[in-house]
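Visitor: show me the folded form of this:
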Amino acid sequence: MVEETQILDNTQPVIINENIEKNAFKDISLTNNQEDIDVLSESDGDSDDAKTKINEDISHDLDHVDTESDVSSIGSIDELDILGDSHFDKKDNINDNLYAAKIKLQDAEKTDSEATIVSSPSITHSDDSLVGDLENRHTNVFKILYSCCNEPKNYRTTSLPAICKKDCGEDAYFELDQKNFMVFGIADGVGGWNKSGVDPSLFAWDLMNSCKEASEYLEDWPDPKTILIDGYDTVVRKKEVKAGSSTACILTLDKISGIVYSTNLGDSGFTVIRDNKVIFKTQEQQHYFNAPYQLSIIPDTSVAYLQNTPHDAYDDQLTVEEGDVIVMGTDGLWDNMYDEDIINILKDKINDIKERKAEVKNREEYLKWEKDTNEVLSGLSFQLTQQAKKYSQDWYRESPFSKKFNNAGQYYSGGKIDDITIILMYVTYDRYTLSKPK
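Guide: Okay, the predicted model is just below:
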């Protein structure tokens, strides 16, 4: 059996060639090349004419979309070539134009109604289950109730660095509630930097904090790739963290359409569960076994490390529904728990949440349901974290990690001791707090 010490630091920065000169890999300054979306102001003419014209524009755009040539996909995860910016340009521009047209159509439809939409997604953490201020926050229709929970493999014995939100070991995360969308991010610092005297959590937290700041400047277009590009560019430019690497996964919910957009680099990720079945799962990216794609800052050294860029991240989107559950986590979760393990923990409580929501008939009942749901999610996220930790310490169980290890031609039994960070989300449709109470 592989020794435990081999497993604790097995996610290493990827060394290409020790003889490559140190100037071979310079910092790459990334810029956002997406064009600004010019959202039309409210029409002064008849709203029906405006909607007809916008529908014609949308149809024209769709007629000119060449799905074969405009939408590209990333090849094998074993390919080490870094994709060029042009790989995503056409797809992003098409999505930008269609999203802008959708907003225009919705603005035109709003002229037919005098209703004011006022709501607030309630948020919850493992240590915070309070309902948000519904009267003072302006949002739209979809919302996510969520709980964040983490379990570091080793708790810190020194004070927490200022850059770190909490002690997540080498993991980091963020969440943000904006008017038209919500953003969630998670990162897993590469533990191999410990051997060089570098704290892996610093890069992970700097990246997540910078991605959160980048998200705050967005308005109507919740593009996770843009968030990751801008966040990483900020980390590189600030140079507050001198060295480190991490995976990254960014997820956004468009509150108007219910579309979830995501970008994922490495082996963190998320699943979407509907009616106790996994309907979506992000794709892992690895150069080879246990060497995930990673964003990096490389110090002056004679050793050259492989640096992925945000453009290497794999993009996805899907439309979520009322009652969908999203489980976002670092590989400390996915290496120790199968999908069915997660579903077995969640299904009874989630079914109860759905049944109670179906019985809600007014605003007061809805607020009570939301508060209770937050508390349930907090308990479930803690339960998932503790179960993953228990499985990680079981040396006889065939874990997802041991299966991958054995498939790579080596023998290993049991779980993988690692930091575990989870964001558990419940998608709901708010029918009762859309208008301010009189």
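Visitor: what about the helices in the stretch 201-350 of the chain?
Guide: With DSSP state H, counting those that start in this stretch applied, the stretch 201-350 of the chain shows helices at 224-238, 331-334, 339-358, listed in chain order.
Visitor: of all these, which lies closest to residue 310?
Guide: helix 224-238 (4.3 Å; C-beta to C-beta). Yep, even glycine has a C-beta here, placed from its N, CA and C like the rest.
Visitor: which helices and strands does the closest one pack with?
Guide: Judged by 3 or more C-beta pairs under 8 Å, 6 or more residues apart in numbering; DSSP states H and E, helix 224-238 is in contact with strand 181-188, helix 200-215, strand 248-254, strand 259-265, strand 295-297.
Visitor: looking at it now, give me its mean pLDDT.
Guide: Helix 224-238 comes out with an average pLDDT of 97.
Visitor: re earlier: and the helices of the stretch 201-350 of the chain as a markdown table, adding mean neighbour count and distance to residue 311?
Guide: Written out in a markdown table, the entries for those read as follows (neighbours: other C-beta atoms under 10 Å; distance: least, C-beta to C-beta, whole Å):
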| stretch | mean neighbour count | distance to residue 311 |
| --- | --- | --- |
| helix 224-238 | 22 | 8 |
| helix 331-334 | 28 | 22 |
| helix 339-358 | 16 | 29 |
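Visitor: low pLDDT regions in the protein?
Guide: 1-140, 301-306, 433-438 (pLDDT under 70).
Visitor: again, only using 50
Guide: In the prediction, the chain carries residues with pLDDT under 50 at positions 1-10, 14-48, 50-55, 57-140, 302, 435-438.
Visitor: now the longest helix that it contains: buried residues?
Guide: Selection of the longest helix in the chain by residue count, based on DSSP state H, yields helix 363-392. Neighbour-count burial for helix 363-392 flags 366-367, 369-370, 373-374, 376-385, 387-389, 391-392 (criterion: 16 or more other C-beta atoms under 10 Å).
Visitor: and residue 427, that's in a strand?
Guide: Yes - inclusion of residue 427 in a strand is indicated when DSSP: H, G, I helix; E, B strand; the rest coil is applied.
Visitor: contacting residues around the closest residue to it other than its chain neighbours?
Guide: Nearest residue to residue 427, sequence neighbours excluded (C-beta to C-beta, 6 or more residues apart in numbering): residue 324, at 4.3 Å. Going by C-beta atoms under 8 Å, 6 or more residues apart in numbering, residue 324 touches 272, 273, 274, 426, 427.
Visitor: tell me the contacts of the third one?
Guide: Remark: with contacts taken as C-beta under 8 Å, 6+ apart, residue 274 is in contact with 321, 323, 324, 325.
Visitor: now do 10 Å
Guide: With C-beta atoms under 10 Å, 6 or more residues apart in numbering as the criterion, the residues that contact residue 274 are 280, 320, 321, 323, 324, 325, 427.
Visitor: so what's the second one closest to, chain neighbours aside?
Guide: Residue nearest to residue 320 in three dimensions, not counting chain neighbours: residue 427, with 4.7 Å by C-beta to C-beta, 6+ apart.
Visitor: got it, and the fourth one?
Guide: Spatial nearest neighbour of residue 323, chain neighbours left out: residue 354 (5.0 Å); criterion: C-beta to C-beta, 6+ apart.
Visitor: before we move on, what about residue 423?
Guide: For residue 423, the spatially nearest residue (C-beta to C-beta, 6+ apart) is residue 328, at 4.2 Å.
Visitor: my read: that neighbour touches residue 384, true?
Guide: No - counting by C-beta atoms under 10 Å, residue 328 stays clear of residue 384, with 11.1 Å between them.
Visitor: any common contacting residues for the two?
Guide: Shared contacts of residue 328 and residue 384 (C-beta under 10 Å, 6+ apart): 422, 424.
Visitor: and the gap between the residue lying closest to residue 270 once chain neighbours are set aside and residue 234?
Guide: With sequence-adjacent residues excluded and distances taken as C-beta to C-beta, 6+ apart, residue 270 is closest to residue 328, at 3.9 Å. With the distance defined as C-beta to C-beta, to the nearest Å, residue 328 ends up 22 Å from residue 234.
Visitor: likewise residue 144?
Guide: Here the distance between residue 144 and residue 234 works out to 25 Å (C-beta to C-beta).
Visitor: now residue 349
Guide: Relative to residue 234, and taking C-beta to C-beta, residue 349 is found at 39 Å.
Visitor: any idea how far residue 274 lies from residue 323?
Guide: In this structure, residue 274 and residue 323 are 7 Å apart, going by C-beta to C-beta.
Visitor: next one: residue 292
Guide: In this structure, residue 292 and residue 323 are separated by 32 Å, where distance is defined by C-beta to C-beta.
Visitor: between those two, who's got more neighbours?
Guide: In this comparison of residue 292 against residue 323, neighbours counted by other C-beta atoms under 10 Å, the higher total goes to residue 292 at 24 against 18.
Visitor: which residues touch that one?
Guide: By C-beta under 10 Å, 6+ apart, the residues touching residue 292 are 11, 14, 77, 188, 190, 245-247, 265-268, 284-286, 308, 331.
Visitor: can you check residue 169 too?
Guide: Taking C-beta under 10 Å, 6+ apart, we find residue 169 in contact with 150-156, 188-189, 191, 200-201, 204, 330, 332, 418-421.
Visitor: buried subset of those residues as a ChimeraX selection?
Guide: The command below creates a ChimeraX selection of those among the contacts of residue 169 that count as buried (16+ other C-beta under 10 Å):
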select :150,151,152,153,188,189,191,200,201,204,330,332,418,419,420,421
